[in-house]
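> Generate a structure from the sequence data that follows.
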Amino acid sequence: DVNLFNGNKEKLEGDADIGIISSGLSINGPLIKDKMSFSIAARRTYADLLTKPAQKFLNRNEAQNNTTGLWYYDVFAKVHYQINERHQLKLSLYNGGDELQFNTELELNDILQTKEQTGADLRWRNSLAGLQWHAVLNPSLFMKVQSAYSGYEMNFSDAYIYDQIGARQENEISYSTGLEEWRNSIDFDLYGGGTNHLLFGMGYVHYGFRPFEQSYHFENRLSVSDTSFSIAGINSTELYAYLEDNIYTAKGVLSGGVRLASFKSEGKRFFSIQPRLFLTRNLNKQAQIRLSLTDMAQFLHLLPNNNLGLPIDIWLPVVQGTEPLRSFQFSSALKLKFEKWGGGLSVFAKNYRNLIEHRSGSNFLLEGEDWRNGIQTGTGSSAGIESQLIYNAQSFSLRASYTYCRSTRVFTGINEGGTYFSKYDRPHSINLFVEIPLSENSRLSWSFSYASGNPVTIPSSRYIARIGGRDVVVEEILEINNYRLPATHHLDVAYHKSRQFEKFSSELTIGIYNLYNQLNPFMVYIGLDQNVEPVLKLRSYLPMMPMLKYRISF
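I've put the predicted structure just below:
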């Protein structure tokens, strides 16, 4: 349960940190003493200012120069008004964004003086505004009424220039997609005698989809072509109600619930019933088992883009001719906790129905406004095992986790109807964190993470075709998810020293991110090698970087 900090209603408090990669500031305090408080926090990274010079230096003797810049920002604000002992108001605001920029330059000393350049920019933006009223109706019944807006937007642009004596080609493509949501809800918590907790409520959601806009520019010495496509915006609404009961005993907790939902889009209405059951059982003071069964429905489809690993996924509503996504999940877990160590082992399996994918070999936008002809439905499954180990002692502490999971899909018209791995399939995931106390106020930490690469689709050919009086880029795809990106991994080390002063405390962090300079790929593109032959190239991010941060709290 994660909530924004309400703020201190008696005195002003603050926290500030400055570093060579990011800086942040948070302030909270009273607006009306003992009644109303505020809380504001902001962060901004500027890792791109360091990584670009570092990458240029590392590539100074190479024919190809790669530079990547990654940064993000976010701003939180909250006002909390304690009207009286039974009523309170909360106003929350958020705005944040991430941006990833990458450029490559290849210059060969061949007879034709071949040059290759790429440049891309990927941006995400999110915003949120919400108002909540919390009320204590009686000592056992609590109510929360809220109204909120949230917005999401993604923009991606990518340019490729190929230049030789007597030949030049330039391609530039851009995408954008977005989703807005207006949500109103009322929720109740009813407690009965310490052994029962009943939750129930209802809500209304209005969605505004801006599925897809694309523009394409192609230019060579003989012709210039500019093309743009878009999918018209779609408005949809959802009504829902839910009921959940939690029964507490000396041996554990039994929870059961159901959610009823109605979704309307383009004149058609869809319904769903979603039951769920949870069991937590204490075997003894050190061991606990958990079991859950969940039948879920979702009226929003996430259409994945498998091509070359581009992170351009599109949110689409259920409309005439499609069905809601359904899934059934089973999970079980064993939790252990002893004096110095603890851990757990979990097993889960999930089956999907009515998943959607691009039709194999088709360009999603060639169908014009009738985007339904560019997709098809299928089934999928995922299953895996998760393990965790926690050890705490005076000399060191350890947290380790390992997950093995597979995610597969089956679509009649894709990969000849056979089972294939989805773009989310990353079999192995390892995370290690070790902390060693050096003194009462200093410590050394090590962290390591590893994840298998995910599948992407490499087209067999690409060409310009005249379709409907327009020049369109066509990619022929024989199989989707036919290539797997290399695994990603990195090791970080940091030294932390804290001090307590009369009016404030401080912490100094010095370390190195990505200690052995692993260039982790996140997407691929088709370019040229030093023999001017087509080759698959990887785009990577965040090389070895120093960490230096100083933080004060008052």
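> now the helices for the chain?
Assigned by DSSP state H, the chain shows helices spanning 48-58.
> For it, name the helix or strand with the lowest mean pLDDT.
strand 470-476 (a mean of 64; mean pLDDT, DSSP states H and E).
> and Ser228, what is it in contact with?
Going by CB atoms under 8 Å, 6 or more residues apart in numbering, Ser228 touches Glu213, Gln214, Ser215, Tyr216. C-betas here are computed from N, CA, C, even on glycine.
> and the second one, how many neighbours?
By that I understand Gln214. Neighbourhood size, Gln214 [other CB atoms under 10 Å]: 19.
> before we move on, what about the first one?
Glu213 has 16 neighbours, counted by other CB under 10 Å.
> Quick check: bridge partners of it?
Beta-bridge partners for Glu213, by DSSP bridges, are Ser176, Ser230.
> what do you get for Glu238?
Here Glu238, judged by DSSP bridges, has bridge partners Val205, Phe263.
> For Glu244, see how far away Pro139 is.
Plainly put, Pro139 is 21 Å away from Glu244 if you go by CB to CB, to the nearest Å.
> And these two? Which one has more around it.
Glu244 (16 against 7).
> Please list all residues in contact with the nearest residue to that one once chain neighbours are set aside.
Residue nearest to Glu244 in three dimensions, not counting chain neighbours: Gly257, with 3.2 Å by CB to CB, 6 or more residues apart in numbering. Shown in contact with Gly257 (CB under 8 Å, 6+ apart): Leu199, Tyr242, Leu243, Glu244, Asp245, Pro275, Arg276.
> The nearest residue to Asn305 once chain neighbours are set aside and Ala287: what is the separation?
Take Asn305 and drop its neighbours on the chain: the residue closest to it by CB to CB, 6+ apart is Ile312, 4.3 Å away. Distance of Ile312 to Ala287, given as CB to CB: 45 Å.
> next one: Leu508
The value you get for Leu508 to Ala287, if CB to CB is used, is 41 Å.
> Check Ile385 too.
Distance from Ile385 to Ala287, by CB to CB: 18 Å.
> now Lys33
In terms of CB to CB, Lys33 sits 48 Å off from Ala287.
> ok, Gly527 touching Lys115?
No. Gly527 lies out of contact with Lys115 (CB atoms under 8 Å); the separation is 11.7 Å.
> any common contacting residues for those two?
Leu106.
> what residues are up against the residue of the chain positioned farthest from its centre?
Residue farthest from the centre of the chain, counting by CA atoms, centre = their mean, is Ile111 at 46.0 Å. Contacts here follow CB under 8 Å, 6+ apart; on that basis Ile111 touches Ile165.
> What about Thr195, how many residues nearby?
Counted with other CB under 10 Å, Thr195 comes out at 11.
> How about the closest residue to Ile375 other than its chain neighbours: which residues does it bridge to?
Excluding the flanking residues, the one nearest Ile375 by CB to CB, 6+ apart is Ile356, at 4.9 Å. As for beta bridges, Ile356 partners with Thr377 under DSSP bridges.
> how near is Ile356 to Phe411?
9 Å.
> list the residues that contact both of the two?
Counting by CB under 8 Å, 6+ apart, the common neighbours of Ile356 and Phe411 are Gln376, Thr377, Gly378.
> so which of the residues you listed comes closest to Leu89?
Nearest to Leu89, judged by CB to CB, of these is Thr377 at 44.4 Å.
> wouldn't the closest one be in contact with Leu325 here?
No. Thr377 is not in contact with Leu325 according to CB under 8 Å; the separation is 9.3 Å.
> Between these two, which has more neighbouring residues?
The neighbour comparison of Thr377 against Leu325 (other CB under 10 Å) goes to Leu325, with 21 against 16.
> Report the beta-bridge partners for that one.
Gln298.
> which ones are touching it?
For Leu325, the contacting residues are Ala297, Gln298, Phe299, Leu300, His301, Tyr352, Arg353, Asn354, Leu355, Ile356, by CB under 8 Å, 6+ apart.
> Weed out the non-buried ones from these.
Ala297, Gln298, Phe299, Leu300, His301, Tyr352, Asn354, Leu355, Ile356 (16 or more other CB atoms under 10 Å).
> Now render these as a markdown table, adding pLDDT.
What follows is the buried ones among the contacts of Leu325, written out as a markdown table (pLDDT from 0 to 100):
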| residue | pLDDT |
| --- | --- |
| Ala297 | 95 |
| Gln298 | 95 |
| Phe299 | 95 |
| Leu300 | 93 |
| His301 | 91 |
| Tyr352 | 97 |
| Asn354 | 95 |
| Leu355 | 94 |
| Ile356 | 90 |
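> Chain neighbours aside, what residue packs nearest to Asn441?
According to CB to CB, 6+ apart, the nearest residue to Asn441 is Ser498 (4.8 Å).
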